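Peer 1: Kindly generate the corresponding structure for this input.
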Amino acid sequence: MKEFKLHTVESAPEKSKAMLAGAVKQMGVIPGLYAVMAESPEILKAYQELHQLFTATSFNAEELTVVWQTINVEHACHYCVPAHTGIAHAMKVDPAITEALRNQTPMPTAKLQALHDFTLAMVRHRGAVSQEQMKAFFNAGYGQKQVLEVILGLSQKVISNYVNHVADTPVDSMFKEFVWTK
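Peer 2: Residues are numbered from 1 along each chain as shown. The predicted model follows:
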């Protein structure tokens, strides 16, 4: 089987060069995920735009982390779980939340547990959640807007998790301390 190329700014297709250069400017490196995605400028752009849109939702840093990591763990993404652990630390998310997600143990609050449960139901049932699951989510204080925002987060994570599965993207050195297996 042919290995997926990890592009640099120099080796990337023309339409990916500016996005990779932007990553270097913002993060100091090209994350492995971006290096793989650069082969298709369209997927790299879509992923980056979905990320920006999802981080602009009504969810706070803890809730963003719950949605991301619930999906990453369920999809057993060897790359995204450690990456989002590092991102959660940078966002000052309580490590108890990150560890509960990584270890599939209960969330520290009922509201975060409801978000986790609903997100997991969305993934496992491919969006066909029951009225009971919807009611539990609404009873926890979430609304229709957050249902749609979970779907947005899921869209972003499907792209990254699936790319990492097919490409076997190596975990970036900055996230090695958070390596994870299901």
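Peer 1: Any buried residues in the longest helix seen in the chain, and which?
Peer 2: Assignment by DSSP state H gives helix 144-167 as the longest helix of the chain. Judged by neighbour count using 16 or more other Cβ atoms under 10 Å, the buried positions of helix 144-167 are 146-147, 149-150, 152-154, 156-157, 159-161, 163-164, 167. For glycine as for every other residue, the C-beta is placed from the backbone atoms N, C-alpha and C.
Peer 1: what's the answer for stretch 60-75, then?
Peer 2: 61-75.
Peer 1: could you pull out the helices for the chain?
Peer 2: 14-27, 32-37, 41-55, 61-74, 80-90, 95-103, 110-124, 131-139, 144-167.
Peer 1: Wait, residue 61 touches residue 90, no?
Peer 2: No: Residue 61 is not in contact with residue 90 according to Cβ atoms under 8 Å; the separation is 9.5 Å.
Peer 1: list residues touching both of the two?
Peer 2: Common contact partners of residue 61 and residue 90 (Cβ atoms under 8 Å, 6 or more residues apart in numbering): none.
Peer 1: Next, the distance between the ends of stretch 99-109.
Peer 2: 14 Å (Cα to Cα, to the nearest Å).
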